[in-house]
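Participant: predicted model follows, preceded by the sequence.
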Amino acid sequence: MNDSKFLNALELKPNSTPPIWFMRQAGRYLPEYQEIRKNYSNFLDMCKEPKTCAKLALQPIERFDLDASILFSDILTIPDALDLGLAFHEGEGPKFSNPISKPEDINTLISFDENTLSYVFNAVEETKKLLPADLPLIGFCGSPWTLAAYSIEGGGSKDFKKTKNFMQDHPSALHDFLEILCDACYRYLRQQVLSGVNALQIFDSWADLLSAQELEIFSLQYTKKITQKLKSDPITKNIPIILFEKDPRQKITDLIFDDLSCISLHWKNDIEAISRSVKNNIAIQGNLNPMILSESDEIIYQEVQRICSIMFEYPGFIFNLGHGITPDINPQKVQTMIKAARE
């Protein structure tokens, strides 16, 4: 058995206590993060400094003694490499100055070259230098659908109306774009593995925009292509893959396919029912509602221990949130959550 609780769980091996890490575990809720962030006007500029990314990835490990680290980067690095004019300015979400507005924009895209993202791969190497030798590092990408949604919308949105209209009006062009993104994601993740990551997570952050049928057509089929390529590649075939679908309109049990080691649950998913259906077949990660961290210590304890008691005999349980940590959270509440899970 390896020394990593996290990797053990991905292999459905037993652990005395569940391994713990969190989506967005390095970020705005930490004062030490804010000290570094104030030196950059554009978040993406910070992401392009490998040594800085390594320091940021290490901050929650040093503070909380977590069981896995995740690469400090952003899911939109691939659209940025396609020259869509991405920028993050203080107090704003991502904005594209050159979004995909019509089918012709897809035909004239520059070719994806993973070498333009060498800063990400350098960040992997720098992070591995700082992490304890036995602590796994998670690499990641956004799903092709999620990357397409941002690229067409021109940024974040409450309704993604432009993206939905593009999907209805130009489905063939959208499929062409998704194929481009699918190949880019595979090459991007492959290079992360070559640089040293120990596991991969695919974030389908806008799965909830799609109907059950649309999810299969415009998202899942491309995610499956990525994982099939990774599993048929000698370099990446043994790397565990985690999939996070944000509040999908399909049953989670219908979204699990052979290439996955773990399904990461959104906080709205019923972890008890899902765990009964898939026990001994796949690891489960999740799924505390991040908003619970705004509550009293007593409520945090109750909710964490409710999840842990449900999953107590589940081989392959990883404790995580059901979405990312929000910026308003007091780090002490995170410590309370960790203590509750480890008890």
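Facilitator: Arrived safely.

Participant: now the helices for the stretch 201-343 of the chain?
Facilitator: Taking DSSP state H, counting those that start in this stretch, the helices of the stretch 201-343 of the chain run over residues 212-214, 221-231, 271-278, 297-310, 331-342.

Participant: so which of those gets nearest Q201?
Facilitator: Closest to Q201 of the helices of the stretch 201-343 of the chain, according to C-beta to C-beta: helix 221-231, at 11.6 Å. C-beta: built from backbone N, CA, C; applies to glycine.

Participant: by contact count, what packs against that closest one?
Facilitator: helix 144-153, helix 171-195, strand 199-204, strand 241-245 (3 or more C-beta pairs under 8 Å, 6 or more residues apart in numbering; DSSP states H and E).

Participant: nearest residue to I299 in space, ignoring adjacent ones along the chain?
Facilitator: Closest residue to I299 apart from its sequence neighbours, by C-beta to C-beta, 6 or more residues apart in numbering: I292 at 6.5 Å.

Participant: and the one you found, how many neighbours?
Facilitator: Applying other C-beta atoms under 10 Å, we find 18 residues neighbouring I292.

Participant: please identify the most buried of the helices of the stretch 201-343 of the chain.
Facilitator: Mean neighbour count, computed with mean count of other C-beta atoms under 10 Å, is highest for helix 221-231 among the helices of the stretch 201-343 of the chain, reaching a mean of 19.

Participant: average model confidence for that one?
Facilitator: Mean per-residue pLDDT for helix 221-231: 98.

Participant: who touches it?
Facilitator: 143-145, 178-179, 181-182, 185-186, 189-190, 200, 202, 204, 236-237, 239, 241, 243, 257, 259-260 (C-beta atoms under 8 Å, 6 or more residues apart in numbering).

Participant: show the buried residues in these.
Facilitator: Neighbour-count burial (16 or more other C-beta atoms under 10 Å) applied to those gives 143-145, 178, 181-182, 185-186, 189-190, 200, 202, 204, 236, 239, 241, 243, 259-260.

Participant: any chance of the helices of the stretch 201-343 of the chain in TSV, plus distance to L174?
Facilitator: Below are these laid out as TSV (distance: least, C-beta to C-beta, whole Å):
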stretch	distance to L174
helix 212-214	11
helix 221-231	11
helix 271-278	30
helix 297-310	37
helix 331-342	39
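
Participant: most remote residue from the chain's center?
Facilitator: Centroid-distance maximum for the chain: E104 at 30.2 Å, with C-alpha atoms, centre = their mean.

Participant: state the helix or strand in which it lies.
Facilitator: E104 is part of helix 103-107, with elements assigned from DSSP states H and E.

Participant: quick check, distance from that helix to the centre of its chain.
Facilitator: Distance of helix 103-107 from the chain centroid (C-alpha atoms, centre = their mean, to the nearest Å) equals 28 Å.

Participant: report the mean confidence score over that helix.
Facilitator: Here helix 103-107 scores 96 as its mean pLDDT.

Participant: CA atoms only for it, dumped as CSV, please.
Facilitator: This file holds the C-alpha atoms of helix 103-107, laid out as CSV (Å, rounded to 0.1, in the frame of the first residue of the first chain):
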residue,chain,number,x,y,z
PRO,A,103,-19.1,29.9,-36.6
GLU,A,104,-16.4,31.6,-38.7
ASP,A,105,-14.6,32.5,-35.5
ILE,A,106,-14.0,28.7,-34.9
ASN,A,107,-12.7,28.2,-38.4
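
Participant: for it, which residues meet the burial criterion?
Facilitator: Under the neighbour-count criterion of 16+ other C-beta under 10 Å, helix 103-107 has D105, I106 buried.

Participant: kindly report the same for stretch 196-210.
Facilitator: By neighbour count on 16+ other C-beta under 10 Å, the buried set for stretch 196-210 is 196-207, 209-210.

Participant: with adjacent residues omitted, what lies nearest to N320?
Facilitator: That would be Q285: by C-beta to C-beta, 6+ apart, it lies 4.8 Å from N320.

Participant: beta-bridge partners for the nearest residue to F244 once chain neighbours are set aside, please?
Facilitator: Closest residue to F244 apart from its sequence neighbours, by C-beta to C-beta, 6+ apart: S264 at 3.9 Å. On the basis of DSSP bridges, S264 is bridged to F244, Q285.

Participant: near S264, how many other residues are there?
Facilitator: S264 has 26 neighbouring residues, counting by other C-beta under 10 Å.

Participant: I'd say it and L243 touch.
Facilitator: Yes: checked against C-beta atoms under 8 Å, the pair S264 and L243 is within contact range at 6.6 Å.

Participant: so what sits against both of the two?
Facilitator: Shared contacts of S264 and L243 (C-beta under 8 Å, 6+ apart): Q201.

Participant: pretty sure I152 sits against P99.
Facilitator: Yes: in this structure, I152 is within contact of P99 by C-beta under 8 Å, at 6.3 Å.

Participant: more neighbours: these two, which one.
Facilitator: Taking neighbours as other C-beta under 10 Å, I152 and P99 compare with I152 leading, 26 against 19.

Participant: contact partners for Y314?
Facilitator: S275, K279, I284.

Participant: which one of those residues is nearest to P171?
Facilitator: For the contacts of Y314, the closest approach to P171 (C-beta to C-beta) belongs to I284, at 33.5 Å.
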